[in-house]
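Q: Build the 3D model from these lines:
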Amino acid sequence: MNKLLDDTLINFAEKLQLPEKIINSEDLPWVPFDDRQCHFKPLRFDFTTGTWTYLFKIKPNKTLTRHRHTGGSVIGFNIQGQWRYEERN
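A: Numbering: from 1, shown residues only. Presented below is the predicted three-dimensional model:
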């Protein structure tokens, strides 16, 4: 099975890895994205796996425009309302 990341990159990332820190997400600002129609709060960055976890919100009746993700898969869980990608009408 192919590894997702090279050992050299993993070792480098582990040297940069900060200790886990618990924060109150209410203390974090919403970061504007997509012409201020969407916002996100970054909650966790994992340099070893290249994953990150965030909260995301879109204004009512707005569509998330086309964008790119670096790295692997994106997994989302919708808590409230509906949303869709612009290119998937």
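Q: pLDDT weak spots in the protein?
A: 1-5, 13, 17-18, 47, 71-75, 77, 85-89 (pLDDT under 70).
Q: can you give me the helices for it?
A: 7-16 (DSSP state H).
Q: what about residue 79, neighbour count?
A: 8 (other C-beta atoms under 10 Å). C-beta: built from backbone N, CA, C; applies to glycine.
Q: Could you measure from it over to residue 34?
A: If you measure residue 79 against residue 34 using C-beta to C-beta, to the nearest Å, the figure is 19 Å.
Q: Residue 54 too?
A: 14 Å.
Q: how many other residues sit next to residue 67?
A: Counted with other C-beta under 10 Å, residue 67 comes out at 11.
Q: Going forward, the N-terminal residue is numbered 22.
A: Right, with 22 as the first residue, what we last looked at is residue 88.
Q: I'd like the distance between it and residue 61.
A: The value you get for residue 88 to residue 61, if C-beta to C-beta is used, is 12 Å.
Q: now do residue 31
A: 26 Å.
Q: ditto for residue 41
A: Distance from residue 41 to residue 61, by C-beta to C-beta: 21 Å.
Q: Compare these two (neighbour count), which wins?
A: The neighbour count for residue 41 versus residue 61, taken as other C-beta under 10 Å, is higher for residue 61 (17 against 6).
Q: so that one sits right up against residue 75, yeah?
A: Yes - under the criterion of C-beta atoms under 8 Å, residue 61 makes contact with residue 75 at 4.8 Å.
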